[in-house]
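Enquirer: Would you be able to build a 3D model of this:
(one chain, ligands or ions: 2)
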Amino acid sequence: MSYTMRVLEQVIKRNPNEPEFHQAVTETLTSLQPYVDANPEYEKAGILERLCEPERIIIFRVPWVDDSGKVHVNKGYRVQFNSAIGPYKGGIRFHPSVNLSIMKFLSFEQVLKNSLTGLPIGGGKGGANFDPKGKSEREIMAFCQSFMTELYRHIGENVDVPAGDIGVGKREIGFLYGQYKRIVNSYDSVFTGKGLTYGGSLGRTEATGYGLVYLTEEMLRQHGDSIENKTVVVSGSGNVAIHAAEKVQQLGGKVVALSDSNGFVYDADGIDIDAVKEIKLVKRGRIYEYTDYRKNAVYTEGSKGIWGIKCDIALPCATQNELDGDDAKELVKNGCFAVCEGANMPSTSEAVKVFLENKVLYVPGKAANAGGVAVSALEMSQNAMRTSWTFEEVDQKLKEIMINIYNNIANVAKEVGHEDNFVVGANIAGFKKVAEAMMQQGVV
Ligand code: NDP
Ligand code: 2IT
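Expert: Ligands and ions are numbered 1, 2, ... in the order given. Model (predicted):
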């Protein structure tokens with residue numbers, strides 16, 4: 001058995017009951033196999049064993065008091081996966097489904113994603129199995145303060161720099177950062193996605209969604225096509241989905257559907273982004289409320305149904321494993337020819353297989369959604385320089401980074417004889433830089 005497959009077997013055996021982590025590692029190591037096995041120095045240096053074992057995992061109790069005076073306890077996590085190319089960097093997720101497997105898959109993916117940005121950031125991820133839905137502002141603050149009361153001792157601007165993810169946006173980052181600053185008594189740039197009045201970067205809010213669409217547009221351009229006049233389905237209706245949809249419409253495409261975990265809306269005339277922003281960002285409401293704004297729109301219960309809508313391009317922007325093999329077949333049957341992932345690992349392994357077999361232009365999340373963390377790294381640069389760039393400057397840099405990522409993954413895929421297989425391209429391209437840095441730093 002090859003070195004790569006032996007390591008994969010060992011990872012699965014050593015980390016039982018972690019299906020999402022197994023899924024992410026299996027996809028990556030399968031892509032890396034021919035490349036790694038052709039370079040025996042990686043085996044001698046134990047690179048894959050080290051790549052698949054987090055440098056450190058912190059798990060902690062998060063006690064907090066609700067508005068009725070009752071005490072609750074959640075589980076908090078920070079997985080510091082790999083710091084070969086820079087301080088650990090990656091978001092914090094608050095969602096009831098959060099567990100160790102999900103934290104590990106996200107931080108493992110983050111290592112390769114951050115490498116693809118070309119910027120000096122290692123990989124990490126954190127979160128808690130806390131459900132922000134239905135909580136009062138005070139309860140959210142109490143939870144964030146308790147979470148940070150433990151996390152602060154493990155992070156730092158040259159150590160580990162968290163940001164947002166599902167359930168963690170500007171409000172939560174404000175509460176988390178405020179508590180950090182109060183404890184350490186120092187204005188460190190230890191978070192990204194901060195508010196604009198205290199060190200945040202213009203363009204960070206939009207970056208993941210916009211970056212996703214810049215990469216998609218570049219891929220289509222290099223295939224003699226564009227987003228203009230295309231019908232696009234975007235799943236989710238959070239930060240990534242809203243800004244992806246907005247950029248698609250700016251480039252002349254038509255987004256016909258959005259979803260949340262309860263269901264999806266279909267609007268044949270094209271989604272009204274301002275209405276969605278009001279529902280989701282101002283009122284913190286549900287996507288079904290969209291039918292109050294656009295009378296011709298149709299709401300259907302069940303979020304999976306969104307993949308049955310006929311489209312040219314699909315942008316899954318909600319969560320892991322939201323799109324399975326049958327959904328992928330349905331998309332292909334209806335003529336969808338490009339799928340770029342705004343979410344992390346939204347397509348199951350079966351779905352990815354269907355896309356590749358049917359020559360769908362498929363770009364995995366670790367490349368396609370890297371614009372968010374890339375602008376986070378730009379926020380770190382601005383903080384270090386004690387300056388701030390205009391929206392246009394940040395947006396221009398984001399565009400260049402996404403075009404570079406596309407060229408990098410497309411070139412590597414071609415070099416190893418898998419033209420247009422961006423899974424192979426992204427995994428090898430991301431791995432190369434991390435592996436080289438690890439080799440040069442000795443056995444650590
Ligand atoms: P938000 O919390 O802003 O939005 C999440 C959206 O996904 C909501 O519409 C939510 O619906 C939906 N969703 C969450 N869980 C589920 C589920 N189990 N089933 C169906 N729908 C679900 O998060 P973001 O937009 O920031 O994140 C979306 C995805 O993008 C995640 O995979 C995240 O890891 C990834 N990502 C985010 C980046 C960022 O900068 N924010 C950067 C790179 C990737 P509901 O309201 O019903 O829960
Ligand atoms: O998955 C991701 O890349 C993010 N949630 C953003 C991480 C960051 O540090 O900006």
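
Enquirer: make it CA atoms for all contacts and neighbour counts henceforth
Expert: OK.

Enquirer: How about the helix or strand where Thr208 lies and ligand 2, touching?
Expert: Assigned by DSSP states H and E, Thr208 falls within helix 204-221. No: using CA under 6 Å from any ligand atom, helix 204-221 stays clear of ligand 2, coming no nearer than 7.8 Å.

Enquirer: next structured bit after that helix?
Expert: Moving toward the C-terminus from helix 204-221, the next helix or strand (DSSP H and E) is strand 231-234.

Enquirer: Sheet partners, orientation included, of that following strand?
Expert: strand 254-259 (parallel), strand 313-315 (parallel) (DSSP bridges).

Enquirer: So which residues make contact with it?
Expert: 241, 244-245, 248, 253-259, 306-307, 309, 311-317 (CA atoms under 8 Å, 6 or more residues apart in numbering).

Enquirer: can you give me how far the top strand by length along the chain is from the chain middle?
Expert: In the chain, taking DSSP state E as the definition, the longest strand is strand 71-82. Between the mean C-alpha location of strand 71-82 and the chain-wide mean there is a distance of 18 Å, by CA atoms, centre = their mean, to the nearest Å.

Enquirer: Tell me which residues of it come out buried.
Expert: Asn74, Lys75, Gly76, Tyr77, Arg78, Val79, Gln80, Phe81, Asn82 (16 or more other CA atoms under 10 Å).

Enquirer: Could you give the backbone dihedrals for Asp420?
Expert: phi 70, psi 10 (degrees, to the nearest 10).

Enquirer: State the distance from it to Val363.
Expert: Going from Asp420 to Val363 by CA to CA, to the nearest Å gives 9 Å.

Enquirer: ok, these two, which is more surrounded?
Expert: Val363 (29 against 21; other CA atoms under 10 Å).

Enquirer: circling back: now tabulate the strands paired with strand 231-234 in CSV and tack on mean neighbour count, mean pLDDT and distance to ligand 2.
Expert: Converted to CSV, these look like this (neighbours: other CA atoms under 10 Å; pLDDT from 0 to 100; distance: least, CA to the nearest ligand atom, whole Å):
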stretch, mean neighbour count, mean pLDDT, distance to ligand 2
strand 254-259, 28, 98, 19
strand 313-315, 26, 99, 15
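
Enquirer: CSV for these, including distance to Gly126?
Expert: Output for these, formatted as CSV (distance: least, CA to CA, whole Å):
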stretch, distance to Gly126
strand 254-259, 25
strand 313-315, 24
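
Enquirer: which one of those lies closest to Gly118?
Expert: strand 313-315 (23.6 Å; CA to CA).

Enquirer: Apart from its chain neighbours, what residue comes closest to Asn334?
Expert: Nearest residue to Asn334, sequence neighbours excluded (CA to CA, 6 or more residues apart in numbering): Lys310, at 5.3 Å.

Enquirer: Report pLDDT for the spatially closest residue to Gly76 that is not a sequence neighbour.
Expert: In space, and not counting its chain neighbours, Gly76 is closest to Ala128: 4.4 Å by CA to CA, 6+ apart. At Ala128, the pLDDT value in this model is 99.

Enquirer: Would you list the phi and psi of Ala128?
Expert: Torsion angles, degrees, to the nearest 10, at Ala128: phi -160, psi 150.

Enquirer: How about the contacts made by it?
Expert: Asn74, Lys75, Gly76, Tyr77, Ile92, Arg93, Phe94, His95, Pro96, Val98, Asn99.

Enquirer: Glu49 too?
Expert: Here Glu49 is in contact with Val7 (CA under 8 Å, 6+ apart).

Enquirer: for Ala328, same thing?
Expert: Taking CA under 8 Å, 6+ apart as the test, what Ala328 contacts is Trp307, Ala351, Val352, Val354, Phe355.

Enquirer: let's see it at 7 Å
Expert: Ala351, Val354, Phe355 (CA atoms under 7 Å, 6 or more residues apart in numbering).

Enquirer: Check Arg93 too.
Expert: Contacts of Arg93 (CA under 7 Å, 6+ apart): Gly126, Gly127, Ala128, Gly164, Asp165, Ile166, Gly167, Val168.

Enquirer: Looking at strand pairing, list the partners for the last one.
Expert: Right, Val168. Here Val168, judged by DSSP bridges, has bridge partners Asp165.

Enquirer: In this structure it contacts Gly126, no?
Expert: No: shown here, Val168 and Gly126 do not form a contact pair, counting by CA atoms under 7 Å, at 10.9 Å.

Enquirer: Contacts only, for Leu220.
Expert: Leu220 touches Ser226, counting by CA under 7 Å, 6+ apart.

Enquirer: what's the spacing between it and ligand 1?
Expert: As defined by CA to the nearest ligand atom, to the nearest Å, Leu220 lies at a distance of 21 Å from ligand 1.

Enquirer: before we move on, what about Gly167?
Expert: When Gly167 is compared with ligand 1 (using CA to the nearest ligand atom), they lie 4 Å apart.

Enquirer: nearest spatial neighbour of that residue, skipping sequence neighbours?
Expert: Using CA to CA, 6+ apart, the closest residue to Gly167 is Phe94 (4.9 Å).

Enquirer: tell me which element the residue most central in space within the chain is part of?
Expert: Note on the chain: the residue nearest the mean C-alpha position is Asn344, at 4.4 Å, using CA atoms, centre = their mean. Counting by DSSP H and E, no helix or strand carries Asn344.
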